[in-house]
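Peer 1: 3D model of this:
(chains A, B, C and D)
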Protein chains: 2
Amino acid sequence: MGEKADSDLVRRQNRFLLLAALRLNGPMARVELGRHTGLSPASITSISSQLIADGILEEVEDHHAPALPMRRGRPLTQLDINPKSAHVVAVKISIDGVELALADSRGAVVSRRVLRTSTYDSDPDDFGQFVASEIAALLARQRLSSRRVARIGIAVQGVADSQAGTVVWSPAFRTRNIAVAGVIQSRLGIACTLANDANMIAEGLISTDRTRYSGTTAVVFMGYGVGMGLIIDGKVYHGPTGAAAEFGHMNHLPGGPLCRCGRRGCVEAYAADYSILRWASGEAETQPPSFTAIPEDRMLVLEEAAHRGEADATQAYAKAGEALGYGLARLIAILSLQRIVLAGPGTRAIALIEPHLHRAIEEGVVDELRRNVEIEVVPIHTDMIIKGTIDGALRQVDREVFAYGPPARRHAVLEKIA
Amino acid sequence: MGEKADSDLVRRQNRFLLLAALRLNGPMARVELGRHTGLSPASITSISSQLIADGILEEVEDHHAPALPMRRGRPLTQLDINPKSAHVVAVKISIDGVELALADSRGAVVSRRVLRTSTYDSDPDDFGQFVASEIAALLARQRLSSRRVARIGIAVQGVADSQAGTVVWSPAFRTRNIAVAGVIQSRLGIACTLANDANMIAEGLISTDRTRYSGTTAVVFMGYGVGMGLIIDGKVYHGPTGAAAEFGHMNHLPGGPLCRCGRRGCVEAYAADYSILRWASGEAETQPPSFTAIPEDRMLVLEEAAHRGEADATQAYAKAGEALGYGLARLIAILSLQRIVLAGPGTRAIALIEPHLHRAIEEGVVDELRRNVEIEVVPIHTDMIIKGTIDGALRQVDREVFAYGPPARRHAVLEKIA
DNA sequence: TGTTTTATTTCGGCGTCCAAAAAAATGATT
DNA sequence: AATCATTTTTTTGGACGCCGAAATAAAACA
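Peer 2: The predicted model follows:
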């Protein structure tokens, strides 16, 4: 039931609070930090001067001096995170390749690399080493020692076991249970986290607007598959092993069409790109799921057909909307969601889907719960996954590295005396 | 993102830790408390002596001296919670009456009262006052001032809005949105919490075996309705308003049989007592749900028929098992549950239900997730609800009252000087 | 130049924790 | 019975981190 509290915990918590305030609101002066954290000016001075001594914070010039109507009094000294204090690497593994990004500790992307490789046919035993090599190459290109990289975050399509650091199942791979995080961690000596890509989108949304996405929010990713990131009480829910929020593989109708996971009737088997195409073809019940990426133009053709009113196409989107709607209705009944975010390339066709989705939610859940839910659509650029992965990695660095402070300082006083 | 940390927080957290250790493991000596909480002996002495001075703890004689093989050294002094330090009242509101229990702060029930009244026809505007009067009478009978009662916990069948303290919808009442907690709180001047009864069972299970029911567990209540208490990361999940885990009113099949909530195809419309009877009658699709309590003997008759192999009856249990199984499969996909607890009078017929329930889970969720789930059946006595309500109320008292300590002590030092 | 205003730092006090030493309480040994 | 050994509990002194109040810093204003 929680941790013992001592002065160590106090220091960690308050250092973290201060860093979190800066991450969320950008650079600000000490007084403002006091308002955000609830700490006294004296404490802010003390904490921030230690963070500066540790190289984690720095005072910055107020170069973007727009909101400065020449106030009276001593001017504010803006503080910000020292971008050189650490770096993180974000890796996105998807059905059509691997993408890497190196970011400084303010979250700015320093370097980026996109690899269009067929992950599907890659040797599962070598994949971890392959990614590790690419990360090493990325760092070498920037002449950055791996000691300067505090954490690597990996986002993967499909089911990820964060605990074990393995890809349990992913459309990007032919085989199951591919070890990734452990391999990279031991090869490069950098802490490495693996998670589902939709969870990383959720992580990014939290960083973007903490108040909006606090509470209980479901982020639905629609595209080549159906994914979900779940924010429960303001934190991304990973479940016991990290393999939670498998909304795409939550059953919609028993005995429904075949899904890529091998079961029948999953939400994904109704609402993923390949499923919508399959419905339009009129052979949903018999046709096996597609295991290759669907090119975007095929979907665009279908969307156009539906907008023209062709029955097969509109029906397909109706099926997708209904499955998503009932799935969400079930989720609302269980978690009493406050907000649903629809994201991903699949939202291009949201106009075709949304009416059916809403109707299904109305039929599927009691009014009292439904009324509290706000549904929003965010037009997604895939960078949200990279951004979210960076944000998530930095939050972990804040909590697990920066909040502690260098152990050396602990004995500084004693050494000075001696 | 969490609270500012200072010495106040430290004291609260460590006092709470100490109390939690005693609640969970019963009376123990200071050294053992140190082992449980991770605090040093010096701190334990300091904290416990303050708690004793506050009247919250007491030293107890080691009267049940069985495991005392006459060890060497200074003997242990057992500490326990002072039963007189506070009291709590638990109230259970169900379809066939209201039950009250008064417990001391060790959780022992001091007095109890069962009222068989027709809540269904009671005046909704007077109901809160009625319960308040009954509580007052219970206290009067024990000659206990209401100032000695630290909290009232109310468990109700149906949807409860803990935030507002109202019963949103319950089979026990004809009308909706009945104000309860607020009325009682202002009438008696005692903090009052209202929650769903299945959540309270979950609360009780946590107190019974913290390690077993830590992690992510769903407690399913089967009987006159289908309820759920959800334990997420070791804590009972209440959702934003307290109206979460409405598993009974989670949709199973669109367009399914009518439920008491007015929707079609809810899990409850397949698996509650009245639903199983309705299936057996062969008219499930047309027959409206029953709004009155089903007498136990009618269910016993049906169970016997099913055990004899009568098709209608076995079919009815199959339908119930399938609906529960698919519902749980969906829940597993979302939360990646570690444990499912089946409880309530409905578990009498578990042998008839379980095979279908298991089959549905197998069909409804990918192996990787299903393999991590343990399903157990606890033979329920209805007292679990009262016990859970008491445990939950005491945990709140620990955190919100006992952990703080009397405000007077804060200035004691100053007063002594003056 | 002095005054006002606002931000930041310094200083002294307080509360809590902890390690180490001391005290307490009992069994074992002589 | 006196002493030793062992274990629990308390006391003592020091560290750390927060805070309020006072001091200092840095600017605009007059």
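Peer 1: By mean pLDDT, which helix or strand of chain A comes out lowest?
Peer 2: helix A:412-417 (a mean of 38; mean pLDDT, DSSP states H and E).
Peer 1: neighbours around the residue of chain A found nearest DNA strand C, how many?
Peer 2: Residue of chain A nearest DNA strand C, by C-beta to the nearest atom of the strand: A:Gly73 (2.1 Å). C-beta: built from backbone N, CA, C; applies to glycine. Under the neighbour criterion other C-beta atoms under 10 Å in any protein chain shown, A:Gly73 is assigned a count of 5.
Peer 1: Same question for A:Ile294.
Peer 2: A:Ile294: 18 neighbours (other C-beta under 10 Å).
Peer 1: now it, what's its secondary structure?
Peer 2: coil (DSSP: H, G, I helix; E, B strand; the rest coil).
Peer 1: For it, which non-adjacent residue is closest in space?
Peer 2: Closest residue in space to A:Ile294, ignoring its immediate chain neighbours: A:Asp273 at 4.4 Å, by C-beta to C-beta, 6 or more residues apart in numbering or on different chains.
Peer 1: and that neighbour, what is it in contact with?
Peer 2: A:223-224, A:294, A:299, A:345-346 (C-beta atoms under 8 Å, 6 or more residues apart in numbering or on different chains).
Peer 1: give me that answer again for 7 Å
Peer 2: Applying C-beta atoms under 7 Å, 6 or more residues apart in numbering or on different chains to A:Asp273 gives the contacts A:223-224, A:294, A:299, A:346.
Peer 1: pull the longest helix from chain A.
Peer 2: Counting residues, the longest helix found in chain A (DSSP state H) is helix A:311-335.
Peer 1: Which positions in that helix come out as buried?
Peer 2: A:313-314, A:316-335 (16 or more other C-beta atoms under 10 Å in any protein chain shown).
Peer 1: phi, psi of the closest residue to A:His87 other than its chain neighbours?
Peer 2: Leaving out its chain neighbours, the residue that sits closest to A:His87 by C-beta to C-beta, 6+ apart is A:Val149, at 4.8 Å. Note on A:Val149: backbone dihedrals following degrees, to the nearest 10 are phi -100, psi 120.
Peer 1: Go ahead and produce PDB holding the CA coordinates of the helix or strand where A:Asp80 lies.
Peer 2: Here A:Asp80, judged by DSSP states H and E, is contained in strand A:78-81. C-alpha atoms of strand A:78-81 as PDB (Å, rounded to 0.1, in the frame of the first residue of the first chain):
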ATOM      1  CA  GLN A  78      12.900  32.100 -17.100                       C
ATOM      2  CA  LEU A  79      14.000  28.600 -16.300                       C
ATOM      3  CA  ASP A  80      13.800  25.700 -18.700                       C
ATOM      4  CA  ILE A  81      15.100  22.200 -19.000                       C
END
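Peer 1: Please list the residues of the stretch 51-200 of chain A that sit near DNA strand C.
Peer 2: Within the stretch 51-200 of chain A, the residues that sit near DNA strand C (C-beta under 7 Å from any atom of the strand) are A:71-77.
Peer 1: Now do the most centrally placed residue in chain A against B:Asp367, distance only.
Peer 2: Nearest residue to the geometric centre of chain A (C-alpha atoms, centre = their mean): A:Met200, 1.0 Å. A:Met200 is 25 Å from B:Asp367, where distance means C-beta to C-beta, to the nearest Å.
Peer 1: Equivalent analysis for A:Ser336, please.
Peer 2: Taken as C-beta to C-beta, the span from A:Ser336 to B:Asp367 is 29 Å.
Peer 1: Compare those two (neighbour count), which wins?
Peer 2: More crowded of A:Ser336 and B:Asp367, by other C-beta under 10 Å: A:Ser336, with 26 against 12.
Peer 1: Kindly provide the distance from the more buried one to B:Leu9.
Peer 2: 29 Å.
Peer 1: Quick check: phi and psi on the residue of the stretch 201-350 of chain A found nearest DNA strand D?
Peer 2: Nearest residue of the stretch 201-350 of chain A to DNA strand D, counting by C-beta to the nearest atom of the strand: A:Arg210, 21.5 Å away. Per-residue torsions, A:Arg210: phi -60, psi -40 (degrees, to the nearest 10).
Peer 1: Disregarding flanking residues, what is the spatial nearest neighbour of it?
Peer 2: A:Leu24 is the one closest to A:Arg210 (C-beta to C-beta, 6+ apart), at 5.6 Å.
Peer 1: isn't there a strand covering that neighbour?
Peer 2: No - secondary structure assignment (three-state DSSP) places A:Leu24 in helix, not in a strand.
Peer 1: number of nearby residues for it?
Peer 2: A:Leu24, neighbours per other C-beta under 10 Å, totals 16.
Peer 1: Give me the pLDDT for it.
Peer 2: A:Leu24 carries a pLDDT value of 93.
Peer 1: From A:Glu32, how far out is it?
Peer 2: For A:Leu24, the distance to A:Glu32 (C-beta to C-beta) stands at 12 Å.
Peer 1: got any ranges where the stretch 51-200 of chain A has weak pLDDT?
Peer 2: Applying pLDDT under 70 to the stretch 51-200 of chain A picks out residues A:62-69.
Peer 1: What are the boundaries of the strands in it?
Peer 2: Under the criterion DSSP state E, counting those that start in this stretch, the stretch 51-200 of chain A contains strands at A:57-60, A:78-81, A:87-94, A:97-104, A:109-115, A:149-156, A:159-161, A:166-169, A:178-179, A:192-196.
Peer 1: will you turn those into TSV that also has mean neighbour count and distance to B:Gly265?
Peer 2: Listed next are these as TSV, based on neighbours: other C-beta atoms under 10 Å in any protein chain shown; distance: least, C-beta to C-beta, whole Å:
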stretch	mean neighbour count	distance to B:Gly265
strand A:57-60	17	56
strand A:78-81	20	52
strand A:87-94	25	36
strand A:97-104	21	42
strand A:109-115	14	46
strand A:149-156	26	35
strand A:159-161	26	28
strand A:166-169	25	30
strand A:178-179	22	39
strand A:192-196	26	30
